[in-house]
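J.: sharing a model that was predicted from the sequence below.
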Amino acid sequence: MTFAELKAIYETPFFDLISRGRASYLAHWKENEVQLCTLLSIKTGGCSEDCGYCAQSARYNSGVQRENLMTPEAIEEVAQRARANGSTRFCMGAAWKGVKSGDPRFESVLESVRRVSQLGMEVCVTLGQLGENEAHELKKAGVTAYNHNIDTSPEHYPNIVTTHTFQDRLNTIGHVQKAGMSVCCGGIIGLGESEDDRLKMLEVLTNFDPAPESVPINCLMPMPGTPLEDQPPVDIFQLVRLIATTRIVLPKAKVRLSAGRTKLSREAQAMCFFAGANSIFYGEKLLTAANPEKDADHQLLAALDLKPQMPFQGEHGPCSEEQECGSKMACLT
């Protein structure tokens, strides 16, 4: 889609916009389902990149303690607990610039992927930049989706990161697609960008071929010691507008309400779900940022008559053959 087309949708009167988002959701997904995902930092801190929002950068005095790469055994244990608590997707994140074939750390990650995949969960990893060989190795090991957010618009990106380019992000995404993995790609709002920047980010996402399987929408959690520590909170109505617009233009994608949920009231989260969000990160921590407790999430979903979504089937993970829902359709993308 073009920026002009996206802007016209985004500027639709608010209640008309969220009603369109809801209609798009109902046309492609089972009603009242939300995917529960668990995100684990398998290697924390010490990253050489200078992303201005990230407390894991070695360049900032954020107070985050560096932790070495977790063992496959320890990761599998966390994944088992996540599955028992209702998560159907397990995401592993490592704070480094990228991975290389033959590196013992990468071999350890591949073993972790194989173990989690055998649990019957969707497996997502975010490991920084990938080459073609590394992407194919991850796919062979059992990765369902690779997360690599583009964060913001191409124009605003150099204001946030200088150690790599926006094109570097797109190159990794291209390698992921070529390897046959699904792309999990979204952005962060609250980085000092304009609303137009958010739509330009969405413009890039709508022109991926194939389209992203899931789109995380993160609200900046300002971290002490980072260049963006004093950024004001995101306006809730702007967030809801962006979710509704994303649902309308990427109807088959899971729209994930990601970082920043601790700053949203139950009512605000309910409005996000109505507008089209159908996935959340589940558990008390997102890499280094706080996340709502799982009991609070269960209570919220129950109050809204929402139920956990089944995992994908076939290439994207197991689910019952008779399942006829949006997630099955997304398996085919």
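T.: Nice, I can see it.

J.: neighbouring strands of the lengthiest strand in the chain in the sheet, and parallel or not?
T.: Assignment by DSSP state E gives strand 33-43 as the longest strand of the chain. The pairing partners recorded for strand 33-43 under DSSP bridges are strand 89-94 (parallel), strand 279-281 (parallel), strand 307-308 (parallel).

J.: I'd assumed residue 242 was in contact with residue 198.
T.: Yes - Residue 198 is within contact range of residue 242, at 5.7 Å (criterion: Cβ atoms under 8 Å). For every residue, glycine as well, the C-beta is placed using N, CA and C.

J.: which of the two has more residues huddled nearby?
T.: Using other Cβ atoms under 10 Å, the more surrounded residue of residue 198 and residue 242 is residue 198, with 28 against 24.

J.: quick one: the strands in the stretch 201-333 of the chain?
T.: Residue ranges of the strands in the stretch 201-333 of the chain, as given by DSSP state E, counting those that start in this stretch, are 214-219, 254-257, 279-281, 285-286, 289-290, 307-308.

J.: how far out from the middle of the chain is the helix or strand hosting residue 77?
T.: Residue 77 belongs to helix 72-84 when assigned by DSSP states H and E. Mean-position distance between helix 72-84 and its chain equals 20 Å (Cα atoms, centre = their mean, to the nearest Å).

J.: and the angle from that helix to strand 89-94?
T.: Between helix 72-84 and strand 89-94, the angle comes out at 150 degrees (axes from the mean of the first three to the mean of the last three Cα atoms, to 10 degrees).

J.: straight-line length of stretch 22-34, end to end?
T.: 14 Å (Cα to Cα, to the nearest Å).

J.: I'd like the average pLDDT over that stretch.
T.: If you average the pLDDT over stretch 22-34, you get 90.

J.: select, out of the strands of the stretch 201-333 of the chain, the one closest to residue 37.
T.: Evaluated over those, closeness to residue 37 peaks at strand 279-281, with 5.3 Å, by Cβ to Cβ.

J.: neighbouring contacts of that closest one?
T.: With Cβ atoms under 8 Å, 6 or more residues apart in numbering as the test, strand 279-281 has contacts from 34-39, 91, 214, 254-259, 261, 291, 297, 309.

J.: got it, and stretch 94-106?
T.: Stretch 94-106 is contacted from outside by 41-49, 54, 56, 69, 109, 125-131, 133-134, 137, 163-164, 172, 287, using Cβ under 8 Å, 6+ apart.

J.: and that stretch, end to end?
T.: 10 Å.

J.: can you list the buried residues in it?
T.: 94-96, 98-99, 105-106 (16 or more other Cβ atoms under 10 Å).

J.: for stretch 217-235, same thing?
T.: Residues 217-223, 226-228, 231, 234 are the ones in stretch 217-235 that count as buried (16+ other Cβ under 10 Å).

J.: quick check: the farthest pair among the residues you listed?
T.: Using Cβ to Cβ, the pair of these lying farthest apart is 217 and 227, separated by 21.6 Å.

J.: okay, and the common contacts of residue 198 and residue 242?
T.: Residues touching both residue 198 and residue 242 (Cβ under 8 Å, 6+ apart) are residue 189.

J.: so where's the stretch 201-333 of the chain shaky on pLDDT?
T.: Residue ranges of the stretch 201-333 of the chain with pLDDT under 70: 283-294, 311-333.

J.: the same query, at a cut-off of 80, please.
T.: Applying pLDDT under 80 to the stretch 201-333 of the chain flags the ranges 282-295, 309-333.

J.: and the helices in it, which stretches?
T.: Counting by DSSP state H, counting those that start in this stretch, residue ranges of the helices within the stretch 201-333 of the chain are 236-249, 266-275, 294-303, 326-331.

J.: over to the stretch 51-200 of the chain?
T.: Per DSSP H, counting those that start in this stretch, the stretch 51-200 of the chain has helices spanning 72-84, 104-117, 132-141, 166-179, 195-206. These are given in chain order.
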